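Enquirer: need a 3D model of the sequence below.
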Amino acid sequence: MLVEDSLVVRQLLAHIVSRDPRLALVAAVSSGEEALREIHRVQPDVISMDIRLPGIDGLETTRRIMAERPTPIVVIADAVEDASLKISMNALRAGALSVVEKPVGTGHRAYEAVSDEICTQLRIMSAVPVIRRRAIGAERARPVPLPDLPARDEAGVLPTLVAVAASTGGPPAFARLIGALPADFPAPILLVQHMGAAFMDGFAAWLNGVVPLAVEIARDGVRPLPGHVYVAPGDRHLVLGSGGLIAVSDEAPVGGQRPSATALFRSVARVAGPRGLGILLTGMGEDGAAGLLDMRMAGAFTLAEHESSAVVYGMPAAAVRLRAAGSVLPLDLIAPRLLRAVQPGGPR
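Expert: Numbering: from 1, shown residues only. From the prediction side, this is the model:
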């Protein structure tokens, strides 16, 4: 189902969807109110959601859908409009699964690439099981017993740098994880999020506004500082370079991904060894699992998100299969464990 108030864009989206034989359009509506009425009648597998709608906006429509009839939602947003970006990120926090750029006209040179990405996201997200929720973060994951920390922590080696990565479901997961850390967190955090390049600056700005730590797009040659989060730029790898400086590169994708979680984790394994700490959160596919294993083999403390809280249990599951994760925890328990790991003399 398409939800888009602009007739021109709605017709363009319908045309794009009609070109993909794996997608079938069951409804195209112009408002959130119409979407809430039609969803019970047509029961779509996935929804394309505009953010700026008359009446009930896309954010509130997303919240109501996830509370009343949970359905995978792909947000279609203007990547260059700050207000739309902020609403889009909050829609992800409310339960939408991904955000993609609004389509451009058929004569635009980027038309095919943008159209393909829209169809790909709609196809992939249609298969993601979603649950009824007020918003991601409104419910707590089922507690599980805390496993023992790896032996290396008992030896007193404290992490001096944290590397985290996610794909589908990542923005709200990062907001919850990093939002539970204090502003004076004693280590820098390097972050990889799979997202369209056009949205990365907006994502970093949004995250900076919802967590206590300072969040910025990573820049080449910068020395990472404690209490700061460095986000991989769009379509660039973020790695820890020689001398512990940030390095940003346009080297080939790793496992089809750029930025790549595995590229980040492997660099931390090489440079930081046992003083690194790796966390792999929700996401589709297997990116990050092999790199997390490299970190664990280098003596680092490694964590993967538990299936009970992951929006998509793909990347963390791959890490568990490889035995790359020293601990597997629901999202709400990761920040407390992280704080314990970086505190000298604290409870282990």
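Enquirer: the lowest-mean-pLDDT helix or strand in the chain: what's the following helix or strand?
Expert: Ranked by mean pLDDT, DSSP states H and E, the weakest helix or strand in the chain is helix 151-154, scoring a mean of 43. Downstream of helix 151-154, the first helix or strand assigned by DSSP states H and E is strand 161-166.
Enquirer: which residues does the residue nearest to residue 77 when sequence neighbours are not counted contact?
Expert: Nearest non-adjacent residue to residue 77, counting by C-beta to C-beta, 6 or more residues apart in numbering: residue 88, 4.2 Å away. Every C-beta, even on glycine, is put in place using the N, C-alpha and C of the backbone. By C-beta atoms under 8 Å, 6 or more residues apart in numbering, the contact list for residue 88 reads 51, 75, 77, 99, 199, 202.
Enquirer: so residue 218 makes contact with residue 231?
Expert: Yes: Residue 218 is in contact with residue 231 according to C-beta atoms under 8 Å; the separation is 6.1 Å.
Enquirer: need the residues touching each of the two.
Expert: With C-beta under 8 Å, 6+ apart, residue 218 and residue 231 have common neighbours residue 238.
Enquirer: I figured residue 192 hits residue 240, correct?
Expert: No: look at residue 192 against residue 240 with C-beta under 8 Å: they stay out of range, at 11.9 Å.
Enquirer: biggest helix in the chain by residues?
Expert: Determined from DSSP state H, the single longest helix within the chain is helix 111-125.
Enquirer: what helices and strands are in contact with that helix?
Expert: With contacts defined as 3 or more C-beta pairs under 8 Å, 6 or more residues apart in numbering; DSSP states H and E, the packing partners of helix 111-125 are helix 7-18, strand 73-77, strand 98-101.
Enquirer: rerun that using 10 Å as the cut-off
Expert: helix 7-18, strand 47-50, strand 73-77, strand 98-101 (3 or more C-beta pairs under 10 Å, 6 or more residues apart in numbering; DSSP states H and E).
Enquirer: Serialize those to TSV and add fields for mean pLDDT, distance to residue 66 and mean neighbour count.
Expert: Compiled in TSV, those are given as follows (pLDDT from 0 to 100; distance: least, C-beta to C-beta, whole Å; neighbours: other C-beta atoms under 10 Å):
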stretch	mean pLDDT	distance to residue 66	mean neighbour count
helix 7-18	94	21	16
strand 47-50	95	11	26
strand 73-77	91	8	26
strand 98-101	88	14	24
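Enquirer: export the ones you listed as JSON lines, with columns for distance to residue 257.
Expert: Putting the helices and strands packed on helix 111-125 into JSON lines (distance: least, C-beta to C-beta, whole Å) gives the following:
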{"stretch": "helix 7-18", "distance to residue 257": "24"}
{"stretch": "strand 47-50", "distance to residue 257": "24"}
{"stretch": "strand 73-77", "distance to residue 257": "19"}
{"stretch": "strand 98-101", "distance to residue 257": "14"}
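Enquirer: residue 225: which of these is closest?
Expert: Counting by C-beta to C-beta, residue 225 lies closest to strand 98-101 out of the helices and strands packed on helix 111-125; the figure is 28.9 Å.
Enquirer: could you tell me how far the closest one lies from the centre of the chain?
Expert: Here strand 98-101 is found 12 Å from its chain centre; the criterion is C-alpha atoms, centre = their mean, to the nearest Å.
Enquirer: that strand pairs with which strands, and in what direction?
Expert: Using DSSP bridges, strand 98-101 pairs in its sheet with strand 73-77 (parallel).
Enquirer: show me which positions of the next helix or strand after the partner strand end up buried.
Expert: Going down the chain from strand 73-77, the next helix or strand is helix 82-94, by DSSP H and E. For helix 82-94, a neighbour-count test (16 or more other C-beta atoms under 10 Å) marks 84, 85, 86, 87, 88, 89, 90, 91, 92, 93, 94 as buried.
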